[in-house]
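[1] generate coordinates for the sequence data below:
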Amino acid sequence: MLKTRVITALLILVVVLDALFLFPDWAWAVFTFVIAAVACWEWGRFCQLSKALTGIYWVVSLALAAVVFFGYQNGSVFGLGFKSLVLGGFLLSAVFWLVAVPIWLLTLWRPRAYWAIAVAGWVVVFPTWMALLYLREVSPWLLLSFAAIVWVADIAAYFCGKRFGKNKLAPAVSPGKTIEGAVGGVLGVVAYFFIWQSLLANTYVGQQAWAQNISENLLALFAFFLVLAVLSIVGDLFESWMKRGAGLKDSSNLLPGHGGILDRIDALTSTLPLVGLYVMLQAKV
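    Numbers count the residues shown, from 1 in each chain. This next block holds a predicted model:
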């Protein structure tokens with residue numbers, strides 16, 4: 001199982017890095033379109049809808065995805081500039097993850113109306129896709145730098161939890177997660193922040209406009225890294241709660257040893273839209 005998991009992770013990493021740095025913009029849009037579409041299909045499984053309603057949800061999801069795709073390709077959609085559409089998506093995501101989801105998890109809410117879960121899926125998936133498009137357009141290095149926060153937090157939390165974990169973080173939501181693991185994840189991000197800053201200072205990437213903009217206030221940036229570290233845990237917990245509600249272990253079985261797409265991007269859904277909003281504000285939109 002571990003061997004399969006490692007091989008799949010390496011293959012995913014190679015494919016994603018190739019796409020991130022080598023694909024033209026249109027190919028990156030298609031690549032991420034597929035990710036968003038599959039994520040919506042997986043989220044549809046959380047809704048426990050009838051076969052007919054699942055089909056409707058899938059069709060509406062594809063229609064929304066088409067709006068985002070053509071807006072990105074053409075620079076506007078329905079007379080609305082793509083950047084304005086993206087800003088709206090980021091703001092909606094910020095309210096969702098900073099306000100709605102913490103309340104959702106703290107109260108262990110199970111919506112009786114499955115349409116509420118369905119709409120939540122769109123709020124989770126589409127701002128994340130917009131962030132993948134927007135941040136990569138600014139710089140592939142920008143997207144990679146902030147996506148790495150999630151990976152570092154996840155790896156550090158895993159090993160610290162294995163070694164020191166004794167106290168459950170949220171047993172009703174995700175029994176395997178511990179407070180020690182969560183603290184280890186945050187500390188891993190702290191270490192990553194200083195390593196990342198050192199790399200920026202000694203490479204050409206640090207001379208790019210986005211790097212200089214977000215590095216103007218290092219204290220604020222450090223605090224933002226901590227917020228992202230915590231939100232990465234929140235994103236993971238939220239997807240776990242959705243799966244438990246649907247009686248699922250994984251969002252799907254598409255990725256051997258890893259489950260589904262949502263299982264791999266759960267922490268990115270709660271962080272990347274916030275990164276996009278932060279970068280937009282730093283650049284004064």
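[2] for the rest of this, base every contact and every neighbour count on C-alpha atoms.
    Will do.
[3] residue at max distance from the center of this structure?
    A52 (28.9 Å; CA atoms, centre = their mean).
[4] what helix or strand does that one sit in?
    Assigned by DSSP states H and E, A52 falls within helix 51-74.
[5] list the buried residues of that helix.
    Using 16 or more other CA atoms under 10 Å as the test for burial, helix 51-74 gives T54, Y57, W58, S61, L62, A65, V68, F69, G71, Y72.
[6] same deal with stretch 136-153?
    Residues 136, 139-144, 146-153 are the ones in stretch 136-153 that count as buried (16+ other CA under 10 Å).
[7] quick one: low-confidence residue ranges for this structure.
    Counting by pLDDT under 70, the chain has low-confidence residues at 1-3, 257-258, 284-285.
[8] give me the next element, helix or strand, following the lengthiest helix in it.
    Ranked by residue count, the top helix of the chain under DSSP state H comes out as helix 218-246. Downstream of helix 218-246, the next assigned helix or strand under DSSP H and E is helix 261-282.
[9] alpha carbons of that next one, in PDB - could you do that?
    Provided in PDB are the C-alpha atoms of helix 261-282 (Å, rounded to 0.1, in the frame of the first residue of the first chain):
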ATOM      1  CA  ILE A 261      -9.000  14.200  -6.500                       C
ATOM      2  CA  LEU A 262     -10.700  15.900  -3.600                       C
ATOM      3  CA  ASP A 263      -8.600  13.700  -1.200                       C
ATOM      4  CA  ARG A 264      -5.500  15.300  -2.800                       C
ATOM      5  CA  ILE A 265      -6.600  18.900  -3.100                       C
ATOM      6  CA  ASP A 266      -8.800  19.200   0.100                       C
ATOM      7  CA  ALA A 267      -6.300  21.500   1.900                       C
ATOM      8  CA  LEU A 268      -5.700  23.500  -1.300                       C
ATOM      9  CA  THR A 269      -9.400  24.300  -1.600                       C
ATOM     10  CA  SER A 270      -9.200  26.100   1.700                       C
ATOM     11  CA  THR A 271      -5.900  27.900   1.100                       C
ATOM     12  CA  LEU A 272      -5.300  28.800  -2.600                       C
ATOM     13  CA  PRO A 273      -8.300  31.100  -3.000                       C
ATOM     14  CA  LEU A 274      -7.100  33.000   0.100                       C
ATOM     15  CA  VAL A 275      -3.700  33.200  -1.500                       C
ATOM     16  CA  GLY A 276      -5.200  34.600  -4.700                       C
ATOM     17  CA  LEU A 277      -7.100  37.300  -2.700                       C
ATOM     18  CA  TYR A 278      -3.900  38.200  -0.800                       C
ATOM     19  CA  VAL A 279      -1.900  38.500  -4.000                       C
ATOM     20  CA  MET A 280      -4.600  40.600  -5.600                       C
ATOM     21  CA  LEU A 281      -4.800  43.000  -2.600                       C
ATOM     22  CA  GLN A 282      -1.000  43.300  -2.500                       C
END
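[10] could you give the angle of it to helix 218-246?
    Orientation of helix 261-282 against helix 218-246 (axes from the mean of the first three to the mean of the last three CA atoms, to 10 degrees) gives an angle of 150 degrees.
[11] return the set of buried residues in helix 261-282.
    Neighbour counts over helix 261-282 (16+ other CA under 10 Å) mark 261-280, 282 as buried.
[12] ok, and what's touching the helix or strand hosting I103?
    Secondary structure from DSSP H and E places I103 in helix 101-106. Residues outside helix 101-106 that contact it (CA atoms under 8 Å, 6 or more residues apart in numbering): V173, V234, F238, W241.
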